[in-house]
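Novice: Using only what follows, build the 3D model:
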Amino acid sequence: MYYLVPTVLLLMGCKTRTVYQPILVPAEINIPQHIQLIGVLNRSLPDKGDRLINIVEGFLSGETVFGDRSASFNACRGLVERVNSSPRFKAVLLEGERYYGTGTKEFPAPLSWNEVDMLCKKYNVDAIVALETFDSDFGLVKNVEEVEKVINYVVQRVPVHNVDLHVRVNAGWRIYDNVTKQIIDSKVFTDMKGYHAEGATPEEALANLPSKRAVLNETGNFAGQMMAFRITPSWITIGRYYYVAGHPKFKEAKKYVKVGDWKKAVEIWTQLTRSSNPKIAAMAAHNMAVAAEREGLIDVALDWANKAYQNFGLRREHSYINQLQNRKMQMQQLKEQLPNVDPQKR
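Specialist: Numbers count the residues shown, from 1 in each chain. Sure thing, here's the model as predicted:
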């Protein structure tokens, strides 16, 4: 979801290479600045009165009820881990607390503010992020096909059994701001994952699938990370291509980039931007934009990208200009979300 990994490609008949860089992206929503510490609570499990009903329904529907218990805690851990890797605020997992929900997709009644206040004082946090719902559904599709295989030096058609396991996880969250006594966010994430396996027999194919528990734990952790992306700025990795052919000097600059000497590479590209060949000048201008973006100089990068597009006619530069404009908006959001943090420093 959050990795841009372009491959080596051909552009205008000239080869490119890709460089990768970690960047900080803003949260989807702005959390009030008075919230600096959050407690993460799992209240998605059913209470004793509903537990037996959910277990029976789980067996009938093919759900893994006890797997949901483990996966829901993994969702909370995934949220805590991601939040604590961000500079915005810190999170603590409220383990051992016994607050129950419905055990289904339905949200329970909100926590009382007395309960929220008690938890915040107990753990010295400003807000509670509660996993209010957690529910999973599984689907299994089987089929058999004939394929050609060489057996004892003879090509034979043999049956291959295929199985596809699909899991859907529904995780609902609320954020309780104990300072303003308001629920400042309520969000449901639905994540779907698919797994494929095959074997000589149906049993072998099923055995080659990961266990439902492992699948649920993985998906639950991902659901927690998605909530973290919603509420806190997060580090991601982006890839940007740059030109490495079309003129001997591009090849020379590539060697400097490979060893991290961008200053030397920029000196070469600066010379090439003055080339009488508009194609060479355009590619060099693009490379200059990439170098400027790496330094966090988004306006400078936009100037170079616009030169490549408008002055030298590099039509494909339009998509990169859009990416840079998006980065500029993100940088402005980060200033609002992290007023005292340099978004370029990890």
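Novice: Counting neighbours, what do you get for R327?
Specialist: 18 (other CB atoms under 10 Å). No exception for glycine: its C-beta is placed from N, CA and C like everyone else's.
Novice: And N217, by the same measure?
Specialist: Counted with other CB under 10 Å, N217 comes out at 21.
Novice: which SSE is the closest residue in space to it that isn't next to it in sequence in?
Specialist: Once flanking residues are discounted, N217 sits nearest to N74: 4.8 Å by CB to CB, 6 or more residues apart in numbering. Assessed by DSSP states H and E, N74 sits inside helix 65-84.
Novice: so what does the next helix or strand after that helix touch, helix or strand wise?
Specialist: Where DSSP H and E defines the elements, the next helix or strand beyond helix 65-84 is strand 90-93. Counting contacts by 3 or more CB pairs under 8 Å, 6 or more residues apart in numbering; DSSP states H and E, the secondary-structure elements packed against strand 90-93 are strand 37-42, helix 65-84.
Novice: what's the most buried one of the ones you listed?
Specialist: Among those, strand 37-42 has the highest mean neighbour count (mean count of other CB atoms under 10 Å), at a mean of 23.
Novice: need the contact list for V92.
Specialist: By CB atoms under 8 Å, 6 or more residues apart in numbering, V92 lies in contact with L37, I38, G39, V40, V80, Y123, V125.
Novice: Can you pull the phi/psi pair for the last one?
Specialist: In other words, V125. Here is the backbone geometry of V125 (degrees, to the nearest 10): phi -120, psi 170.
Novice: close enough to count as contact, it and V40?
Specialist: No - the criterion here is CB atoms under 8 Å, and V125 misses it with V40 at 9.2 Å.
Novice: tell me which of the contacts of V92 is nearest to H247?
Specialist: Of all the contacts of V92, V80 has the smallest distance to H247: 50.6 Å, by CB to CB.
Novice: Contact partners for that closest one?
Specialist: Counted by CB under 8 Å, 6+ apart, V80 has contacts V40, A91, V92, L93, G224.
Novice: For A130, see how far away the last one is.
Specialist: Meaning G224. From G224 over to A130 the distance is 12 Å, taken as CB to CB, to the nearest Å.
Novice: Break this protein down into its domains, please.
Specialist: Listed by automatic domain parsing, the domain ranges of the chain are 10-24+236-337, 37-232.
Novice: Format the ones you listed as TSV; extra columns: distance to N30 and mean pLDDT.
Specialist: Formatted as TSV, the domains of the chain follow (distance: least, CB to CB, whole Å; pLDDT from 0 to 100):
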stretch	distance to N30	mean pLDDT
domain 10-24+236-337	6	93
domain 37-232	9	88
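Novice: Tell me which of those lies nearest to P343.
Specialist: Minimum separation from P343 across the domains of the chain (CB to CB) falls at domain 10-24+236-337, 4.4 Å.
Novice: hang on, the earlier thing: how about the helices and strands packed on strand 90-93 in a markdown table, adding distance to I29?
Specialist: What follows is those, written out as a markdown table (distance: least, CB to CB, whole Å):
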| stretch | distance to I29 |
| --- | --- |
| strand 37-42 | 14 |
| helix 65-84 | 14 |
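Novice: in the stretch 51-200 of the chain, which spans are helices?
Specialist: Using DSSP state H, counting those that start in this stretch, the helices of the stretch 51-200 of the chain run over 65-84, 113-123.
Novice: Minimum distance to R294: which of these has it?
Specialist: Closest of the helices of the stretch 51-200 of the chain to R294 is helix 65-84, at 24.5 Å (criterion: CB to CB).
Novice: Extract the C-alpha trace of the closest one and format it as CSV.
Specialist: C-alpha atoms of helix 65-84 as CSV (Å, rounded to 0.1, in the frame of the first residue of the first chain):
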residue,chain,number,x,y,z
VAL,A,65,-13.7,-17.4,17.1
PHE,A,66,-10.6,-18.0,19.3
GLY,A,67,-8.5,-16.8,16.4
ASP,A,68,-10.4,-13.5,16.5
ARG,A,69,-9.3,-13.1,20.1
SER,A,70,-5.6,-13.5,19.2
ALA,A,71,-5.9,-11.4,16.0
SER,A,72,-7.7,-8.5,17.8
PHE,A,73,-4.8,-8.2,20.2
ASN,A,74,-2.4,-8.3,17.2
ALA,A,75,-4.4,-5.4,15.7
CYS,A,76,-3.8,-3.4,18.9
ARG,A,77,-0.1,-4.3,18.9
GLY,A,78,0.2,-3.4,15.3
LEU,A,79,-1.2,0.1,16.1
VAL,A,80,1.1,0.6,19.1
GLU,A,81,4.2,-0.4,17.1
ARG,A,82,3.4,1.8,14.2
VAL,A,83,2.5,4.8,16.4
ASN,A,84,5.7,4.4,18.4
